[in-house]
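Peer 1: structure of the sequence below:
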Amino acid sequence: MRIAILGGGLTGLTLAYYLQQAGVAYDLLEASPRPGGNLLSPLAPAGYQLEAGPNSLLLSAELEELLTELGLAQAIQDAAPVSQHRYVLRGGQYQALPGSPPALLASNFFSFKTKLRLLTELLRRPAPLVPGETVAAFFARHFGPEVVQYAVNPFVAGIYAGDPAELLLSLTFPQLAALEAQYGSLLRGLAKGPKTGRRRTITLRGGVQALTDALAAQLTSYHPGQEVQAVSRLADGNYQLTINNQHSPTTYSHLALALPAYAAAKLLAPLFPAAAAALAAVRYPPMTLVYSAYDRAAVAHPLAGFGALNPKVEGTYSAGAIWTSSLFPDRVPAGQVLFTSFVGGAQFAQQAQAPETTQLAAVHQELSHLYGIRGAPRWQGRYYWPRSIPQFDQHLADARAAVAPLAAEGIVAAANWQAGVSVPDCVKHARRLALELRKKQAE
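Peer 2: Numbering: from 1, shown residues only. Alright, predicted model coming up:
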């Protein structure tokens, strides 16, 4: 067995790391000169630490173990305690989102009608999964449209850059579908189900990219700057790659696709056209991150939280902002605050594609209005992703179904469209996949 891992993002690097530990031969091929894919801590002016991918991480057991093995335990930095507070724009004002059902019922965040709907939700009986149900439809059934507009919509836009009316519940929140099947009431299921506790919100000193940099440094068969342009199959069933316009002399029994769906589609098209067509249909909306720094004294809002989300119904320019300096105060010069605003995603795609000057001016104007900011920013910048997060909708469900039979042909999926969009999801998936491949070798 020899495996070609195509793509040096987090999942591909982690898969290579665990295969190397297991003694399975591999080559990791990455077109870019740098590792990491979406984990990117871009260069910034002195005193600022920016993130263009995940701005923070939820620390799972698998991720903590990996960080320890890589010697990064001392680089872990916990978010400030205020990170547990989240805000949502409603009626042009930011309101704290209640952190529990009892707190929600005691607050003024939702109307009396919605609160009554929350209470009656406890009476729901177990029910099977509704095939093809979207996230919006699921929450509307349980809690009504107001919860969808002011809680679900901004959350899905902020985490998945998506539209809850399009994302499938079975792909995005399968654990909620399982709770409904067992308990009927989602609230009752959450109360009676296993208690996992609140996971630590962390970052890494020097930026989240330190994780993928450390992984790449451990690998003996990592090859950056090697663009795989074509895949062919030999008579013996092995695969041969065309890399940088040359046929590779090495052949591979297995391919691990750690690429975006659209990139994997191009490579699979000659051999598996149906699977390639399904992968090509997976949607990746554009996203721009706008960084805005101000003097603390110029901002009226206390910024005592993780950040704020803007429901689409509020008609804002951005989907919301992380209060970076509230989470990690050492990421900005002393006496300043830093907003990381999200412009784009499935619901704000037009704004994401606007010129940089338009985006910076629009975000500054919006922040000034919503946070009571006086004067110009001390500094602004942006990072643009033409294709950001894969959308977990019916197109992705079709792509997964089309790719699954390729495992019998020695081709497996190792990318966030298969693993999940979070860093812990990608680490867990890569670790499990490495174990499966090691077992195949043993057979």
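Peer 1: surely F139 and V152 touch.
Peer 2: Yes: assessed by C-beta atoms under 8 Å, F139 is found in contact with V152 at 4.8 Å. C-beta: built from backbone N, CA, C; applies to glycine.
Peer 1: what do the two both touch?
Peer 2: Jointly contacting F139 and V152 under the rule C-beta atoms under 8 Å, 6 or more residues apart in numbering are P164.
Peer 1: quick one: average confidence on stretch 110-126?
Peer 2: Mean pLDDT, computed over stretch 110-126, is 92.
Peer 1: any chance you could list what contacts that stretch?
Peer 2: 101, 104-105, 142-144, 146-147, 150, 180-188.
Peer 1: buried members of these into PyMOL, please.
Peer 2: Of these, the buried ones go into a single PyMOL selection, burial set by 16 or more other C-beta atoms under 10 Å:
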select buried, resi 101+104+142+143+144+146+147+150+180+183+184+185+186+187+188
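Peer 1: the strands in the stretch 51-200 of the chain, which residues?
Peer 2: Using DSSP state E, counting those that start in this stretch, the strands found in the stretch 51-200 of the chain span residues 57-58, 76-78, 86-90, 93-96.
Peer 1: and A157, which of those strands is closest to it?
Peer 2: Among the strands of the stretch 51-200 of the chain, the nearest to A157 by C-beta to C-beta is strand 86-90 (11.2 Å).
Peer 1: show me what the closest one is packed against.
Peer 2: Judged by 3 or more C-beta pairs under 8 Å, 6 or more residues apart in numbering; DSSP states H and E, strand 86-90 is in contact with strand 93-96, strand 307-309.
Peer 1: how far off centre is the next helix-or-strand element following the last one?
Peer 2: In this case it means strand 307-309. Sequence order places strand 320-323 as the next helix or strand after strand 307-309, per DSSP states H and E. A distance of 16 Å separates the centroid of the chain from that of strand 320-323, by C-alpha atoms, centre = their mean, to the nearest Å.
Peer 1: re earlier: now render the strands of the stretch 51-200 of the chain as JSON lines, adding mean neighbour count.
Peer 2: Shown next, in JSON lines, are the strands of the stretch 51-200 of the chain (neighbours: other C-beta atoms under 10 Å):
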{"stretch": "strand 57-58", "mean neighbour count": "19"}
{"stretch": "strand 76-78", "mean neighbour count": "16"}
{"stretch": "strand 86-90", "mean neighbour count": "21"}
{"stretch": "strand 93-96", "mean neighbour count": "15"}
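Peer 1: as CSV, those with distance to P270 would be great.
Peer 2: Shown next, in CSV, are the strands of the stretch 51-200 of the chain (distance: least, C-beta to C-beta, whole Å):
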stretch, distance to P270
strand 57-58, 38
strand 76-78, 45
strand 86-90, 47
strand 93-96, 52
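Peer 1: nearest to Q218, of these?
Peer 2: For the strands of the stretch 51-200 of the chain, proximity to Q218 was assessed by C-beta to C-beta; strand 76-78 is nearest, at 17.9 Å.
Peer 1: could you list the paired strands of that closest one along with their orientation?
Peer 2: When sheet partners are counted by DSSP bridges, strand 76-78 sits next to strand 201-204 (antiparallel).
Peer 1: state the mean pLDDT of the partner strand.
Peer 2: 97.
Peer 1: likewise stretch 209-220?
Peer 2: 98.
Peer 1: mind checking how far it is from the chain centre?
Peer 2: Counting by C-alpha atoms, centre = their mean, stretch 209-220 comes out at 20 Å from the chain centroid.
Peer 1: also stretch 243-259?
Peer 2: Relative to its chain's centre, stretch 243-259 lies at 27 Å (C-alpha atoms, centre = their mean).
Peer 1: same check, this time on stretch 83-91
Peer 2: Worked out by C-alpha atoms, centre = their mean, stretch 83-91 lies 20 Å from the chain centre.
Peer 1: just stretch 127-138 next, same as before
Peer 2: Distance, centroid of stretch 127-138 to centroid of chain: 22 Å (C-alpha atoms, centre = their mean).
Peer 1: what's the burial count for R438?
Peer 2: As a burial measure, R438 scores 17 neighbours (other C-beta atoms under 10 Å).
Peer 1: report pLDDT for it.
Peer 2: For R438, pLDDT reads 95.
Peer 1: now do the SS call for it.
Peer 2: The local conformation at R438, judged by DSSP: H, G, I helix; E, B strand; the rest coil, is helix.
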